[in-house]
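>>> Only the shape, not the letters, is given here:
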C-alpha cells in the first residue's frame with residue numbers, strides 16, 4: 001500500500017485509535033492505567049485496523065509524515081505485540097520518513113525511548129534496510145543508540161546525565177542487533193551537532209571523559225569489543241570487494257549473503273584495538289581487560305602476518321602506554337622482525353612517524369639486552385652480502 005492510499009490529517013479529525021494514544025499520554029504516570037490503555041489500543045487495532053494506516057502530514061518544511069507507528073514509538077513505549085500488530089496491518093510504515101527524516105527504527109534505537117531490544121529485532125526482521133537509513137542529519141539508528149548528549153563538556157551537560165542508559169545491557173543488545181544488520185555503520189562518520197566522527201570516536205570519548213562509573217567499566221569494555229568486531233567485519237567486507245558502495249549503504253542482502261563466520265574467524269580483538277586510532281588501549285582499565293582476556297593473542301600473527309607489539313609501536317604506543325604489557329605478554333616478539341617493515345620492535349620505535357620515543361627504544365633494548373647480538377648479526381650479514389662486490 002502506498003502512502004497516498006492512507007487517510008491524512010487533512011481528511012478530518014484524528015481517528016479514535018490516535019485519540020486513545022493521547023489519552024495514554026495523560027495517564028503516563030500510572031502503570032496500571034498504561035497497561036489497560038495498551039490493552040484497549042490492541043483491541044482497537046484488531047477491530048479498526050484502518051485507523052493504524054491513518055497518517056498526519058508534517059509541515060512542508062519538515063518534509064515528512066507522522067504515522068501511528070512513528071507517534072507511538074517517538075513518545076511512548078508500546079508493548080511488542082502492539083508494534084507487531086501495527087506492522088501486520090501497515091508494514092509500509094517502517095519505510096516512511098517522519099520528522100527530520102526519521103524512520104521508526106531511529107526512535108526505537110534512541111536512548112530516550114528505552115524500547116525493548118525485541119522491538120528492534122522485530123523491525124529489523126521486517127525491514128532490515130532500516131539499519132542503513134540516515135535521517136536528515138546523516139545519523140543512522142546506531143548513532144541514535146550512541147547519543148553524545150552525555151559527552152558534552154561539563155559546563156554544557158547537566159550533572160544528572162547518566163551513562164547507565166548508554167552502557168546498559170539493554171542498549172548493548174540494541175547496538176549488537178543494529179551492527180549485525182549493518183556492520184558498516186560502525187565506520188560511518190557524521191556531522192552531528194553533539195559531536196562529529198564515527199562511532200569509534202564516541203567509544204574513545206567514553207574512555208577519556210573520566211565520568212564513567214566503575215560499575216559500568218565492564219559494559220564499556222563490552223561496547224568497545226562490539227565496535228571493534230563490527231569495524232573489522234565491515235573492513236573485511238570492503239577489502240574482499242564483496243560489497244560495493246551501493247550494497248554497503250543500502251542492500252542488506254549482499255551483506256547477509258556473505259560468510260561472515262569465515263571473515264570473523266581471523267578476528268583478533270587485541271590486534272584490532274592496537275590498530276585503531278586514539279590509542280584507547282593506553283587506558284589502564286581497558287588494557288587490563290583486553291590483556292586478561294586476549295593476552296595470548298600477542299604471541300600470534302594476524303591475518304596479515306603481523307604481531308601486536310609491532311602494530312602498537314607503529315600506531316604510536318609507547319613503553320608506558322601499552323608496549324611494556326604487550327612485550328610481557330609475548331616476549332618472543334622482541335626477536336621477531338615485522339613482516340612488512342623487516343624491522344625489530346626497537347627499530348620500529350626509533351623510526352615511527354611523528355612519535356619516535358627514545359624512552360621506548362631504550363626500554364625495549366633494556367628488557368632483553370642479550371638478544372641484541374642475536375638480532376644484529378643477521379642484519380650485519382645482510383649488509384655485508386649486499387655490499388660485497390660482484391665478481
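Okay, I see it. Keep in mind that this is a model prediction, so the values were computed, not measured.
>>> which regions of the stretch 151-300 of the chain sit below the pLDDT cut-off?
Filtered on pLDDT under 70, the stretch 151-300 of the chain yields the residue ranges 151-162, 191-196, 241-259.
>>> Strands of the protein, residue ranges please.
Secondary structure of the chain, counting by DSSP state E: strands at 55-57, 65-67.
>>> Which of those has the highest mean neighbour count?
Mean neighbour count (mean count of other CB atoms under 10 Å) peaks for strand 65-67 among these, with a mean of 21. In this view, the C-beta of every residue, glycine as well, is placed from N, C-alpha and C.
>>> who does that strand touch, helix- and strand-wise?
Secondary-structure packing of strand 65-67 (3 or more CB pairs under 8 Å, 6 or more residues apart in numbering; DSSP states H and E): strand 55-57.
>>> mean confidence for the strand it packs on?
Strand 55-57 carries an average pLDDT of 79.
>>> what's the answer for stretch 15-24, then?
Mean pLDDT, computed over stretch 15-24, is 84.
>>> for the stretch 251-391 of the chain, what spans make up the helices?
Secondary structure of the stretch 251-391 of the chain (DSSP state H, counting those that start in this stretch): helices located at 252-256, 260-264, 269-275, 284-294, 308-314, 324-329, 345-351, 358-367, 371-387.
>>> and among those, the most buried is which?
helix 308-314 (a mean of 28).
>>> That one packs against which elements?
In terms of contacts (3+ CB pairs under 8 Å, 6+ apart), helix 308-314 is packed against helix 269-275, helix 324-329, helix 345-351.
>>> Using JSON lines, lay out those helices together with distance to residue 188.
Compiled in JSON lines, those are given as follows (distance: least, CB to CB, whole Å):
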{"stretch": "helix 269-275", "distance to residue 188": "18"}
{"stretch": "helix 324-329", "distance to residue 188": "30"}
{"stretch": "helix 345-351", "distance to residue 188": "31"}
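>>> Which of those sits closest to residue 22?
Each of these was scored for nearness to residue 22 using CB to CB, and the closest is helix 269-275 (47.9 Å).
>>> how far is that closest one from where the chain is centred?
Helix 269-275 sits 16 Å away from the centroid of its parent chain (CA atoms, centre = their mean, to the nearest Å).
>>> Return the list of helices and strands in contact with it.
With contacts taken as 3+ CB pairs under 8 Å, 6+ apart, helix 269-275 sits against helix 217-239, helix 284-294, helix 308-314.
>>> what angle separates the second one from helix 217-239?
Comparing the axes of helix 284-294 and helix 217-239 via axes from the mean of the first three to the mean of the last three CA atoms, to 10 degrees yields an angle of 70 degrees.
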